[in-house]
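Chemist: Got a predicted model here, sequence first, then my questions.
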Amino acid sequence: MRAAELGADYLGVILVPGTPRFVTPEEAREVLDFSPRPPAIGVFRDAPRNEIERAARIADLQGFQLHGRESPEDCRGLPGYTIRVVGVHDASSLEGIDDYDTDAILCDTSVAGKSGGTGQLFDHTLVVDLARRRTLFLAGGLNPDNAVEAARLVQPFAIDVSSGLEAEPRLKDHTRMAIFFARLREAGLR
């Protein structure tokens, strides 16, 4: 709720079992049970379509962030705003991204054995061109100290931040959140 009060355009819930920020669809519904609220995006990795659709119904999700090995076909026809995630480590990471006919692309840091939420940065110059031709969410190690610089360079549609605003996994630091949004506003990015 605090993120919405501070001006978040979207709220994300991690529905990937075994990850530090995992919540069940029922827990997500409880967290998201307030009004008015921004659209809620469920984060999934290699989940079957019926599981994604079930979670969307239970948690009242408006969109999907797909972090796994989902093919372009797997991403088509989901009942909401669909974001395909690509882990970036070098220019070759972006090969084939235009095969995905999704509403947006999210660029995150590629770390072997992880699918996001690492708190590590990648070379943002690699995605500047992509941000000019696709709706791009920028993620990967962003926090109150570096988000403005990254946003000015890439000019993404949106910034996705999680670990950079946490006191610990699953617990947001409200002071860091307030600083983050204040800095974006001061820079004219909100």
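Modeler: Structure's in. What do you need? Note that this is a predicted model, so its numbers are computed, not measured.

Chemist: List the buried residues of the longest strand seen in the chain.
Modeler: Counting residues, the longest strand found in the chain (DSSP state E) is strand 81-88. Within strand 81-88, the residues scored as buried using 16 or more other C-beta atoms under 10 Å are 81-88. From N, CA and C alone the C-beta is placed, and that goes for glycine too.

Chemist: So for it, mean pLDDT?
Modeler: For strand 81-88, mean pLDDT rounds to 97.

Chemist: Restricting to C-alpha, output the next helix-or-strand element following it in CSV.
Modeler: Where DSSP states H and E defines the elements, the next helix or strand beyond strand 81-88 is strand 104-109. Backbone C-alpha positions of strand 104-109 (Å, rounded to 0.1, in the frame of the first residue of the first chain) are rendered in CSV as follows:
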residue,chain,number,x,y,z
ALA,A,104,6.6,-4.6,-22.8
ILE,A,105,10.1,-5.9,-22.3
LEU,A,106,11.8,-5.8,-18.9
CYS,A,107,15.6,-5.7,-18.9
ASP,A,108,17.2,-7.1,-15.7
THR,A,109,20.7,-8.1,-14.8
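
Chemist: any residues touching strand 104-109, and which ones?
Modeler: 65, 67, 81-89, 97, 116, 118, 120-122, 127, 130, 134-141, 157-158, 160 (C-beta atoms under 8 Å, 6 or more residues apart in numbering).

Chemist: repeat for stretch 78-97
Modeler: Contacts for stretch 78-97 (C-beta under 8 Å, 6+ apart): 39, 41, 49, 52-53, 56, 61-67, 70, 75, 100, 102-111, 115-116, 122-123, 126-127, 130, 134, 137, 139-140.

Chemist: Going through the contacts of strand 104-109, which ones are buried?
Modeler: 65, 67, 81-88, 97, 116, 118, 122, 127, 130, 134-141, 157-158, 160.

Chemist: tell me the contacts of the residue nearest in space to the middle of the chain?
Modeler: Centroid check for the chain by C-alpha atoms, centre = their mean gives D160 as the closest residue, at 4.5 Å. The contact partners of D160, taken as C-beta under 8 Å, 6+ apart, are 12, 106, 108, 137-139, 142.

Chemist: what about 6 Å?
Modeler: 106, 137, 139 (C-beta atoms under 6 Å, 6 or more residues apart in numbering).

Chemist: Let me know the closest of those residues to T19.
Modeler: A139 (14.6 Å; C-beta to C-beta).
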